[in-house]
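Trainee: fold the following for me, if possible:
(2 chains)
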2 protein chains.
Amino acid sequence: MERHFHEQLDTLRAKLLEMAMLAEESIALAVQAMVERENNKAQAVIDGDEAVNRLEVEIDERCLKLLALQQPMAVDLRFITSAMKINNDLERIADHAVNIATYTLALNGTDPLALAASLPRMADTVRAMVRESLHCFVTGNVEEARAVCARDDEVDVFDETLSRKLLSAMIKDPDAVTSAMQLTLISKNLERIADLATNIAEEVIFIYRATSIKHGQPFKDVRSR
Amino acid sequence: MERHFHEQLDTLRAKLLEMAMLAEESIALAVQAMVERENNKAQAVIDGDEAVNRLEVEIDERCLKLLALQQPMAVDLRFITSAMKINNDLERIADHAVNIATYTLALNGTDPLALAASLPRMADTVRAMVRESLHCFVTGNVEEARAVCARDDEVDVFDETLSRKLLSAMIKDPDAVTSAMQLTLISKNLERIADLATNIAEEVIFIYRATSIKHGQPFKDVRSR
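Mentor: Below you'll find the model as predicted:
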């Protein structure tokens, strides 16, 4: 029974990694569709969301079954409820990739804008945050989780800087308005993905330290009272 | 013990209603700050987020405690895990209200734009969705939950129409660019709140019917397999 339970936790871990990989690939493909101006790649991201949604429901069912049948305690209980939240976060990350793909379809109908060139680097950072947040979830590396949280500010600055430049471009040149608007919305969606990866990293810290660092309470053990 | 457990579920319900009320008030105040061009109201929304965050952590702790100590089954288990998700959704709704307040601060430094006039009505619909999604969570009214889900399309159309008009205004008049950009971002945040209210309504249907209508599987019982 005990061994069986730990096998089921391993399967849950593997399924969440698979979910994260799908979400990360969706971000990569959406940004590639933007860089290469390939509408069919953007459409593939939109079509691929169905698989992510199915996996979300499957993982949720697994978690509920584990809670009902195994009645886990302490760290295992926290692990499973956090898995449910991380699952939800990953599904939303994939939704943001779909948004990026949709804005890319609008963008590809307009003249290219040089400012778009910086977005792939922002996307690389954001994808790394998603990957690393799941990596530390699997390994239980709390230090790595803290590093993911720290990178969120970097992405915020990136988004603010780019958004400001895009706004100036729009004011100077009416022909740039449509492209610059899509790029702004893509930047906002990447920034939101970084927020969600940060949430995941915070959950990891919570599972393994029973400490909530959410909402600026970095070291106070608010949940284990 | 059994009676004590049901009292704790009632407290959980009340806490979530309180959380929803805070989130809804934040949306209302953020939009009021925009209409009245009152920076101090926008700032109050930003400052008020701390209270929402504290309540989120408190509700999460309550749910974990109930799972650990009561080891609930069937509908009670689903109720508590769904409460954790709804709690998370409400916290994000409040985050979007903070975004709206932040964009309002930028907006209030620019000349007013007539197109802003339609946003309060959109905000009313979105607030009603938040309120009704929590109302049906408390009453278990699945029909009301379905009605909330149906209103999401209405908000999407509203956002698309307004975003298109704002883009035209930006192309025509460079002086309108800064305001129109903030209004577009406010519209996108309201649209995202409607998505989250829809998620909550879907959770309600899941709790009381053990049926997932998420991701376009309206009547198939995907979770109770």
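Trainee: what is the burial count for A:V130?
Mentor: By other C-beta atoms under 10 Å in any protein chain shown, 24 other residues sit near A:V130. Quick note: C-beta positions are derived from backbone N, CA and C, even for glycine.
Trainee: identify the residues contacting it.
Mentor: Residues near A:V130 by C-beta atoms under 8 Å, 6 or more residues apart in numbering or on different chains: A:20, A:23-24, A:27, A:90, A:93, A:193, A:196-197, A:200.
Trainee: tell me which element the residue nearest to A:L17 when sequence neighbours are not counted falls in.
Mentor: Residue nearest to A:L17 in three dimensions, not counting chain neighbours: A:L134, with 5.9 Å by C-beta to C-beta, 6 or more residues apart in numbering or on different chains. Element membership for A:L134, per DSSP states H and E: helix A:119-139.
Trainee: what's the following helix or strand after that helix?
Mentor: That would be, after helix A:119-139 and using DSSP H and E, helix A:142-172.
Trainee: show me what that following helix is packed against.
Mentor: Secondary-structure packing of helix A:142-172 (3 or more C-beta pairs under 8 Å, 6 or more residues apart in numbering or on different chains; DSSP states H and E): helix A:119-139, helix A:177-209, helix B:177-209.
Trainee: test my guess that A:A94 contacts A:D49.
Mentor: Yes. Using C-beta atoms under 8 Å, A:A94 is in contact with A:D49, at 5.9 Å.
Trainee: the residue nearest to A:L17 and B:N88, how far apart?
Mentor: Distance, A:L134 to B:N88, using C-beta to C-beta, to the nearest Å: 18 Å.
Trainee: which one of the two is surrounded by more residues?
Mentor: A:L134 (26 against 20).
Trainee: isn't the more buried one right next to A:E18, touching?
Mentor: No. Look at A:L134 against A:E18 with C-beta under 8 Å: they stay out of range, at 10.0 Å.
Trainee: low-confidence ranges, chain A, go.
Mentor: Within chain A, the segments meeting pLDDT under 70 span A:1-2, A:210-225.
Trainee: from the contacts of A:V130, which single one is nearest chain B?
Mentor: Nearest to chain B among the contacts of A:V130, counting by C-beta to the nearest C-beta, is A:L196 at 9.6 Å.
Trainee: can you give me the neighbour number for the closest one?
Mentor: Neighbourhood size, A:L196 [other C-beta under 10 Å]: 24.
Trainee: same question for A:D175.
Mentor: Number of residues near A:D175 (other C-beta under 10 Å) recorded here: 14.
Trainee: dump the residue contacts of the residue nearest to it when sequence neighbours are not counted.
Mentor: Leaving out its chain neighbours, the residue that sits closest to A:D175 by C-beta to C-beta, 6+ apart is A:D111, at 6.9 Å. A:D111 is in contact with A:175-176, A:179, counting by C-beta under 8 Å, 6+ apart.
Trainee: can you tell me how far the nearest residue to A:T178 once chain neighbours are set aside is from chain B?
Mentor: Nearest residue to A:T178, sequence neighbours excluded (C-beta to C-beta, 6+ apart): A:T110, at 4.9 Å. Separation of A:T110 from chain B (C-beta to the nearest C-beta, to the nearest Å) stands at 11 Å.
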